[in-house]
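Q: I'd like to go over a predicted model; first the sequence, then the structure.
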Amino acid sequence: MRLLRRRHMALRLAVVGSAFVLFLFILHRDVSSTEQATEKPWLKSLVSQKDHVLDLMLGAVHNLRDSMPKLQIRAPEPQETPVSTNQSCLPGFYTPAELKPFWERPPQDPNSPGADGKAFHKDKWTPMETQEKEEGYKKHCFNAFASDRISLQRALGPDTRPPECVDQKFRRCPPLPATSVIIVFHNEAWSTLLRTVYSVLHTSPAILLREIILVDDASTDDYLKDQLEQYVKKLQVVRVVRQEERKGLITARLLGASVAQAEVLTFLDAHCEYKPTSLAPRRPEGGPVPSPAPRQNEEPGPGHHQGPRSSGIKGGLGLVSASFLCPLLIPVPRMLNQQAHRALK
C-alpha cells in the first residue's frame, strides 16, 4: 500500500509541475505580446483573450487534480454478489410438493399396450393391419401402428435415474426461472406428437412450466390443422404457431423463441418422452449458466420400448444418423461424474 501511495504522489507532482511550467510559458508570451501590442494592432485581440486562456488552463489543472484519486493502476477487486433481498423468496430447498407436475398422470393399466415403457407386441397381423404398419413406416420412418395403440399418457415405469440425480436438491433463492417448451413438427404422427406434449405436462413442475409452443413447419396433413388446435385448447398451456411455408428446423425454432414468454427456452423433438423431474436440473439458478446435455433416449424401436440409460456421462457432441439426431455422449470416470451437475465452462 505504501508503494502505491508513493506512485500516486509522484504522478500527481509530475502532472501539476507540467501544468505549472506550461502556465509560466503562456504568461511569458502574453507579457511579450503586451509590449508589442502598440506596434502591432492585430495582436491586441490575442492579448485581450489572456484572461480567458488562463481560466481554461486553471480549469484543466483542477480537473486533473480531481481525477487523480480515480486513476486505477492495479487489477480490479472482485465484486461480491449481492444477497437476494426478495422477501417472497423462502430459504431452504424446494420440496417434492412444490415440484409437483403440472398435470397428474391418470391411473395406468399395467396390461395395456406399451404400459410402463414396454414395447408393443403383436403376433398375428391381418392384411389391413400389415398395410397400415407398412404405410406408417413409409411416411414416418417408425412404427406408427404401434404408437397409435399406446396410451398418449403412458408412464415409463420405475424411476431409473442414478442416485445422484434422484437426491439432487434445488434452492428456493434465487427462484428457478420458468421455461417455454418449444416443439417443432412437420407432418408428425398424431400419437407421437401428443405423447410428447403429455409427457412434458406429466413430468414438469407446475411452477417451472410457463407454456408449450407447438411450431408447425408448414405441415400438409389435415389432422394437424384445426383438429390439433381444438384438441390442445383443453391442455391450458399449449398453443400452436405456424409457418406459412416450410423453412426448416432452425427457422421454426426461432419463430417459437420469438413468441415465447418465459426467460428460459427448452427445445424438444416432436417424438420423445420426458422422464420424471427432467426439467428442474436444466434451470440455471445463478452463477455460470449451465449448458445441459440430457441423456436422451434413442429413437423408439419397432415396439416403442423406452428403457433405462447408463449414467457416468459428462459432455457431448451432436451425431447425425440416417434418421435421427441423437447426442453422442462421452463416458468419464465416476470420480469426475460427481461434478456433472456443475456448469460446463
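A: Arrived safely. Residues are numbered from 1 along each chain as shown.
Q: could you tell me the end-to-end distance of stretch 140-158?
A: Across its full length, stretch 140-158 reaches 29 Å end to end, with C-alpha to C-alpha, to the nearest Å as the criterion.
Q: average pLDDT for it?
A: Confidence over stretch 140-158 (mean pLDDT, whole number) is 93.
Q: in it, what counts as buried?
A: Of the residues in stretch 140-158, those with enough neighbours to count as buried (16 or more other C-beta atoms under 10 Å) are 140, 142-148, 150-157. (C-beta placed from N, C-alpha, C; glycine too.)
Q: go on, stretch 101-114?
A: Within stretch 101-114, the residues scored as buried using 16+ other C-beta under 10 Å are P101, F102, W103, R105, P113, G114.
Q: show me the contacts for the closest residue to K225 other than its chain neighbours.
A: Once flanking residues are discounted, K225 sits nearest to S219: 7.7 Å by C-beta to C-beta, 6 or more residues apart in numbering. Contacts for S219 (C-beta atoms under 8 Å, 6 or more residues apart in numbering) come out as F185, H186, N187, E188, K225.
Q: part of a helix, is the fourth one?
A: Read it as E188. No - assigned with DSSP: H, G, I helix; E, B strand; the rest coil, E188 falls outside any helix and is coil.
Q: so that it lines up with my notes, have the first residue be 828 from now on.
A: I'll keep to 828 as the first residue from here, and by that count the last item is E1015.
Q: could you give the number of residues near the closest residue to it other than its chain neighbours?
A: If you skip the residues right next to it in sequence, E1015 has A1097 as its closest partner in space, 4.5 Å away by C-beta to C-beta, 6+ apart. Applying the criterion other C-beta atoms under 10 Å, we find 20 residues in the vicinity of A1097.
Q: repeat for the one 4 residues further on
A: Residues contacting Y1101 under the criterion other C-beta under 10 Å number 23.
Q: and the gap between it and C916?
A: When C-beta to C-beta, to the nearest Å is the yardstick, Y1101 and C916 sit 27 Å from each other.
Q: after the helix or strand harbouring V1059 comes which helix or strand?
A: Using DSSP states H and E, V1059 maps to helix 1053-1059. Where DSSP H and E defines the elements, the next helix or strand beyond helix 1053-1059 is strand 1065-1070.
Q: identify each buried residue in that following strand, please.
A: Applying 16+ other C-beta under 10 Å to strand 1065-1070 flags V1065, V1067, Q1070 as buried.
Q: pLDDT weak spots in the stretch 1028-1172 of the chain?
A: Flagging of the stretch 1028-1172 of the chain using pLDDT under 70 yields the residue ranges 1104-1172.
Q: apply 80 and report the result again.
A: Within the stretch 1028-1172 of the chain, the set of residues satisfying pLDDT under 80 comprises 1102-1172.
Q: please consider this matter closed, and thank you.
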